[in-house]
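Participant: coords please:
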Amino acid sequence: MKAPLRVLSDAQLQQVHNASLRVLAETGMKVEHDQARELLQAAGACVDHDNQRVRFPPPLVEEKLKLVPRKVTYHGRTPEFDFTVEAGGEIYSRVAGGAINYIDLNTGKSHRACLADWVEFACLVDALPNIHCVATLHCGDVPEATADIHSMRVMLEHQRKCIIHSAFTVQMQPYLLELALAVRGSRQALAERPLYHHMLCPVSPLFLDKDSSAQLFLACDYGIPTDIPIMPVSGSTAPITLAGTLVQANAEFLGAMTLAQTYKPGHVMPYFTDPVVADMRTSAPLFGAPEVGLLVAAIAQLGSELYGLAPQGIGLDSDGYVVEQSLFQKAQNAVFQCMAGGKLIIGAGAVEACMALSPMQLIIDDEIMAIARRWVRGIEVSESSLAVDVIGNVGPRGQFLSEEHTLSNLRTGELITTGIFERDLRAQWEERGSRSLEQKAREKGKALLAKHTVPPLPIEVQSELAAIVASADRDLAGKS
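Facilitator: Okay, here's the model as predicted:
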C-alpha cells in the first residue's frame, strides 16, 4: 500500500535533499578520525586535516547513496524471529535504547534499573508478538564501565529477537562481538546472520567523533549492520525551523553514510534519523511534542520516497510518566510514522523521554503496534471484499452475522481484536472491577511472566558468556 500521509510534496523533498547536499559541500562535517578523513579524501572529498573538516562534493554523496542496501534484515537468535524492512513493506517496532530507570511491575514506582529488571523486561519482549527487536537498558548494579556488556549478555540469554546495541567506547566493542560470536559459533555465521546491529551516534551538529568512526569500522569488519541514529534537537542542536532540522539531520545521515560506504561498499545501514524538538524554556529534548510527529512523517517520506530506503525512527516515544499522556503522544507519533512510510517504529516500552522503561507501557505499546499494523494493511478492494452479492443476499433489514462471507473473513485480520483496550459497556467494565488500562497491562505482564519461558542457550555457551563478561569487568572496570 502506498503511504497515504504526505507532509512534503515531491518538490519539497527534493529541496530538502538539495539543501542537505549544500550543507555537506559548503559547511561539511568535523571528522576526528584520521583514517576516516584520509579515506574520504581519497574518495574525492575536500579535507582540511588541520581543522578536521571534511566537505563532501554532491556527486560523491550520490554515488555512495546508491550502494546502500535497500532491504535490511534483522536476525533473531533463531530464524522465526527474523524480519526484513523495506520501503513499501510491513512495519515493525523495537524497544528504545539508553534508558537508565525502570518502572516496577508491581508498584508502578520508578527506580534505578538493575539486571533483574532487564531480565524481566527481556522476557516480556520475547513473549509479545508486536515487539520485534530490543535495545539497551543501562543497569546501575554493575560497573558503569561494562554496563553495556552486561546488558548484552541479558539480551542474548533471556530473549530471542534481534538486538540493537551500542558500546560506550570502542574498547567495549570487542567484548560485545565476543558475546555474539559465542552464540553464533563463528565469525562467518555471525556475518551471515548477525543477531545484533551496532548502534553509534554522530554528535549534532555535524560532528563525527573519533570513537564513533572507530566503532563503525570495526562493525563493518565483522559484517555487523549499523543503525546510526541522527538525533538533532530543533532549537538547540539544530535550527528551530522544522525544515532546517530536516536538512541538518539528513546531511548528518548522508555524511555518515558516505564514510560507511567508502570504507565498506554495500554495508548494511537503515535510514535512521530521529530529530526531536527542544523545550525552549529549559532546552530539554521533547520526544512527544506535536512537531515531532511532523518531523517523523517527513523523515519517513525522505527515506522511503526519495531514497528507496526503509526509514526508522521515533514512533512510540513519549515525554510523560502517566499513561494518559504517554498513550496520546505514542499514538500521535505512531500514526505519523507508519502512515507516512516508516518501517521500524522505535520507543516500545519507553517513557519519560526515553529515560525509563516500563513493562506496563511495553504491554500497551504491543497493542498500539497491533493497531498500527492494521492501519498499514489498508483496505483490500476485490470482488470478494466488495461483497455486492452478499449484500444482495442479505437484503434490506437483514443481518450479516450468520453469512458464510462473515465467517470466512472472521480470522483473516479484517477486523482485529484488542486485548487490554476496553470495548465493553461501562456496566460490564464496572462488574469486572473498573480496572484501568495500566492495571490491565500490569495483570497481563504478570501472567506472561508466569507462563512464558525463553529456551535457554546451551550450558557451554552460557558459561562462555559469563567468562567474557567477567573478563570485561577485570579489563575495563578493574573488578577482580
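Participant: For the rest of this, base every contact and every neighbour count on C-alpha atoms.
Facilitator: Fine.
Participant: which SS class is the closest residue in space to residue 302 that isn't next to it in sequence?
Facilitator: Computed as C-alpha to C-alpha, 6 or more residues apart in numbering, the closest residue to residue 302 that is not its neighbour in sequence is residue 13, at 6.4 Å. For residue 13, the secondary-structure state derived from DSSP: H, G, I helix; E, B strand; the rest coil is helix.
Participant: ok, now the one 10 residues further on?
Facilitator: Reduced to three states with three-state DSSP, the structure at residue 23 is helix.
Participant: ok, and the closest non-adjacent residue to it?
Facilitator: residue 251 (6.7 Å).
Participant: by contact count, what packs against the helix or strand where the one you found lies?
Facilitator: The secondary structure element spanning residue 251 is helix 242-263 (assigned by DSSP states H and E). The contact analysis (3 or more C-alpha pairs under 8 Å, 6 or more residues apart in numbering; DSSP states H and E) places helix 242-263 against helix 10-22, helix 34-43, helix 58-65, helix 210-222, strand 233-234, helix 290-301.
Participant: hey, C-alpha coordinates of that helix in CSV?
Facilitator: These are the backbone C-alpha positions of helix 242-263, laid out as CSV (Å, rounded to 0.1, in the frame of the first residue of the first chain):
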residue,chain,number,x,y,z
LEU,A,242,11.4,22.1,11.2
ALA,A,243,12.7,22.4,7.6
GLY,A,244,16.1,23.4,8.8
THR,A,245,16.2,20.5,11.3
LEU,A,246,15.3,18.1,8.4
VAL,A,247,18.1,19.5,6.3
GLN,A,248,20.7,19.1,9.0
ALA,A,249,19.5,15.6,10.1
ASN,A,250,19.6,14.4,6.5
ALA,A,251,23.0,15.9,5.9
GLU,A,252,24.4,14.2,9.0
PHE,A,253,23.0,10.8,7.8
LEU,A,254,24.3,11.3,4.3
GLY,A,255,27.8,12.2,5.7
ALA,A,256,28.0,9.2,8.0
MET,A,257,26.6,7.0,5.2
THR,A,258,29.3,8.3,2.8
LEU,A,259,32.0,7.3,5.2
ALA,A,260,30.5,3.8,5.8
GLN,A,261,30.1,3.1,2.1
THR,A,262,33.6,4.4,1.4
TYR,A,263,35.1,2.0,4.0
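Participant: now the angle between helix 34-43 and it, please.
Facilitator: 90 degrees (axes from the mean of the first three to the mean of the last three C-alpha atoms, to 10 degrees).
Participant: Helix 242-263: how far from the chain's middle?
Facilitator: On the basis of C-alpha atoms, centre = their mean, to the nearest Å, the separation between the geometric centre of helix 242-263 and that of its chain is 18 Å.
Participant: pLDDT weak spots in the stretch 201-350 of the chain?
Facilitator: Screening the stretch 201-350 of the chain residue by residue with the criterion pLDDT under 70, one finds no matching range.
Participant: let's see 80
Facilitator: In the predicted model, the stretch 201-350 of the chain carries pLDDT under 80 at residues 320-323.
Participant: buried residues in stretch 262-271?
Facilitator: Within stretch 262-271, the residues that qualify as buried are 262-263, 265-271, counting by 16 or more other C-alpha atoms under 10 Å.
Participant: Which secondary structure state does the residue sitting nearest the centre point of the chain sit in?
Facilitator: What sits nearest the mean C-alpha location of the chain, by C-alpha atoms, centre = their mean, is residue 346, with 3.5 Å. The assignment at residue 346 comes out as strand when based on three-state DSSP.
Participant: can I assume it is in contact with residue 96?
Facilitator: Yes - in terms of C-alpha atoms under 8 Å, residue 346 counts as a neighbour of residue 96; the distance is 5.7 Å.
Participant: any shared contact partners between these two?
Facilitator: Listed contacts common to residue 346 and residue 96 are residue 317; contacts here mean C-alpha atoms under 8 Å, 6 or more residues apart in numbering.
Participant: what about residue 400, how many neighbours?
Facilitator: The criterion is other C-alpha atoms under 10 Å. On that basis, residue 400 has 14 neighbouring residues.
Participant: In contact with it: list those residues for me.
Facilitator: Contacts of residue 400 by C-alpha under 8 Å, 6+ apart are 394, 406.
Participant: measure it to residue 447 for me?
Facilitator: Here the distance between residue 400 and residue 447 works out to 36 Å (C-alpha to C-alpha, to the nearest Å).
Participant: Same check on residue 223?
Facilitator: Counting by C-alpha to C-alpha - residue 223 and residue 447 are separated by 39 Å.
Participant: hang on, the earlier thing: dump the buried residues of stretch 262-271 into JSON lines; add secondary structure and distance to residue 325 as well.
Facilitator: As requested, the buried residues of stretch 262-271 are arranged in JSON lines below (DSSP: H, G, I helix; E, B strand; the rest coil; distance: C-alpha to C-alpha, whole Å):
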{"residue": "262", "secondary structure": "helix", "distance to residue 325": "44"}
{"residue": "263", "secondary structure": "helix", "distance to residue 325": "44"}
{"residue": "265", "secondary structure": "coil", "distance to residue 325": "44"}
{"residue": "266", "secondary structure": "coil", "distance to residue 325": "41"}
{"residue": "267", "secondary structure": "coil", "distance to residue 325": "39"}
{"residue": "268", "secondary structure": "coil", "distance to residue 325": "36"}
{"residue": "269", "secondary structure": "coil", "distance to residue 325": "33"}
{"residue": "270", "secondary structure": "coil", "distance to residue 325": "30"}
{"residue": "271", "secondary structure": "strand", "distance to residue 325": "28"}
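Participant: With that, I have no additional questions.
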